[in-house]
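Undergrad: predicted model and sequence follow; I will ask about them next.
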Amino acid sequence: MCDTFVALSPATADGTVVFGKNSDRPAGEGQSVACFGGDRHPPGAALRCTYIEIPQAPRTFATLLSKIDWMWGAEMGANELGVVIGNEAVWTREPAGPPALLGMDLVRLGLERGETAFKALEIITSLLERFGQGGACAENDPSFTYHNAFLIADAAEAWVLETAGRHWVAERVTSGMRNISNGLTIRTHFDMSSAGLIDHARRRGLYNGTDDFDFAAAFGAGAADPDPYSRQACGRRLLSEREGRMTPDHMMTILRDHDSGICMHGPFETTASMVSHISGSADARHWFTGAPHPCRTPFRAYAMDGTADAECWPREPLQAAPTDGFEISERGSV
């Protein structure tokens with residue numbers, strides 16, 4: 001499931017960038033904060049991801065990740081240059097492919113190889129087109145597969161990347177606020193796309209070739225028009241309530257919200273959370289819960305070497321945890 005948010009100037013209190021994500025996964029699945037140093041690699045080196053092997057990059061950057069314990073990739077994370085990425089499961093009309101790169105693999109690859117948000121976008125899309133995406137996304141459920149959307153940010157800008165198989169569109173965000181959940185959100189306006197996207201949609205009978213091309217309407221498995229009670233819509237309202245004054249602790253409050261379903265409990269639960277404050281290239285602070293339920297678990301600041309600060313955020317008391325048997329409300333389930 002998941003929800004990912006970004007706020008840029010003038011929506012933030014100090015003109016910087018604030019990023020946040022809840023990772024919603026099968027209840028009880030382990031997810032840990034992990035760091036990996038940067039390195040240089042010899043020509044011809046190979047890299048084993050979760051399911052497939054791909055060529056290693058000549059150089060990789062240090063990363064700080066919230067990493068699902070059983071897979072190579074990560075749900076969210078940052079690199080030493082102040083790039084942050086989170087991904088979302090989306091369901092599309094493109095068929096599920098064979099085991100290939102998972103969305104979580106692409107998050108980690110973008111962070112390891114991308115000097116900027118735009119470069120990370122280019123890396124993710126080029127790997128997606130070359131190797132495809134596919135494979136079981138849950139350790140004990142081979143039927144649980146999906147395509148992916150990504151929110152990628154640095155100190156200067158953010159990009160929303162939404163995919164369907166090997167096809168994709170990307171929207172640049174340079175100010176204000178943006179969030180994504182578990183459905184396609186990019187409609188007729190996008191700044192970049194995969195080659196041959198519209199022709200492919202026409203051949204598949206997903207686009208009539210006459211109206212304005214609408215990526216979400218053509219490729220989304222559900223309704224393209226947003227549900228006003230969906231988590232994505234609720235998250236947008238929670239962002240707008242803090243427009244012009246967003247801070248990391250405000251973002252943490254959003255990630256702990258139960259009424260929207262953003263803080264998720266049940267068969268799927270929020271297994272980990274992350275907030276980042278990016279004020280310049282390679283000048284960022286990152287907080288992770290490293291455990292389920294941000295309503296119960298404080299955020300702890302982590303350095304790029306994986307050491308955790310003793311100080312926890314938010315400083316105010318956490319909201320009361322739901323009682324046992326808490327179920328996500330209908331409006332929070334989309």
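TA: Structure received. Just so we're clear, the structure is a prediction, and the values are computed from it rather than from any experiment. Numbers count the residues shown, from 1 in each chain.
Undergrad: burial of residue 150, as a residue count?
TA: For residue 150, the neighbour count with other CB atoms under 10 Å is 26. C-beta here means a position set from N, CA and C on the backbone, and glycine is covered the same way.
Undergrad: quick check: the gap between residue 268 and residue 20.
TA: 19 Å (CB to CB, to the nearest Å).
Undergrad: please identify which of these two sits among more neighbours.
TA: residue 20 (33 against 16).
Undergrad: ok, and for the biggest helix by length in the chain, which residues are buried?
TA: For the chain, the longest helix by residue count, based on DSSP state H, is helix 117-131. Buried positions in helix 117-131, judged by neighbour count with 16 or more other CB atoms under 10 Å: 117-125, 127-128, 131.
Undergrad: can you name the next helix or strand after that helix?
TA: Where DSSP states H and E defines the elements, the next helix or strand beyond helix 117-131 is strand 147-153.
Undergrad: so who does residue 38 touch?
TA: Residues near residue 38 by CB atoms under 8 Å, 6 or more residues apart in numbering: 59-62, 80, 112.
Undergrad: rewinding a little: which helices and strands does the longest helix of the chain pack with?
TA: Here helix 117-131 touches helix 103-113, strand 147-153, strand 158-164, strand 167-173, going by 3 or more CB pairs under 8 Å, 6 or more residues apart in numbering; DSSP states H and E.
Undergrad: what angle do the third one and strand 167-173 make?
TA: The directions of strand 158-164 and strand 167-173 differ by 160 degrees, with axes from the mean of the first three to the mean of the last three CA atoms, to 10 degrees as the criterion.
Undergrad: helices and strands around strand 158-164, which ones?
TA: When contacts are defined as 3+ CB pairs under 8 Å, 6+ apart, strand 158-164 sits against strand 84-90, helix 117-131, strand 147-153, strand 167-173, strand 177-180, helix 215-219.
Undergrad: check the first one too.
TA: Packed against helix 103-113 by the contact rule (3+ CB pairs under 8 Å, 6+ apart) you find strand 59-60, strand 63-68, strand 76-79, strand 84-90, helix 117-131, strand 147-153.
Undergrad: ok so, going back, same list, the helices and strands packed on strand 158-164, but as JSON lines with mean pLDDT and distance to residue 274 please.
TA: Below are the helices and strands packed on strand 158-164 laid out as JSON lines (pLDDT from 0 to 100; distance: least, CB to CB, whole Å):
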{"stretch": "strand 84-90", "mean pLDDT": "98", "distance to residue 274": "7"}
{"stretch": "helix 117-131", "mean pLDDT": "98", "distance to residue 274": "16"}
{"stretch": "strand 147-153", "mean pLDDT": "98", "distance to residue 274": "12"}
{"stretch": "strand 167-173", "mean pLDDT": "98", "distance to residue 274": "18"}
{"stretch": "strand 177-180", "mean pLDDT": "98", "distance to residue 274": "14"}
{"stretch": "helix 215-219", "mean pLDDT": "97", "distance to residue 274": "26"}
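Undergrad: what's the closest of the ones you listed to residue 47?
TA: Among the helices and strands packed on strand 158-164, the nearest to residue 47 by CB to CB is helix 117-131 (10.8 Å).
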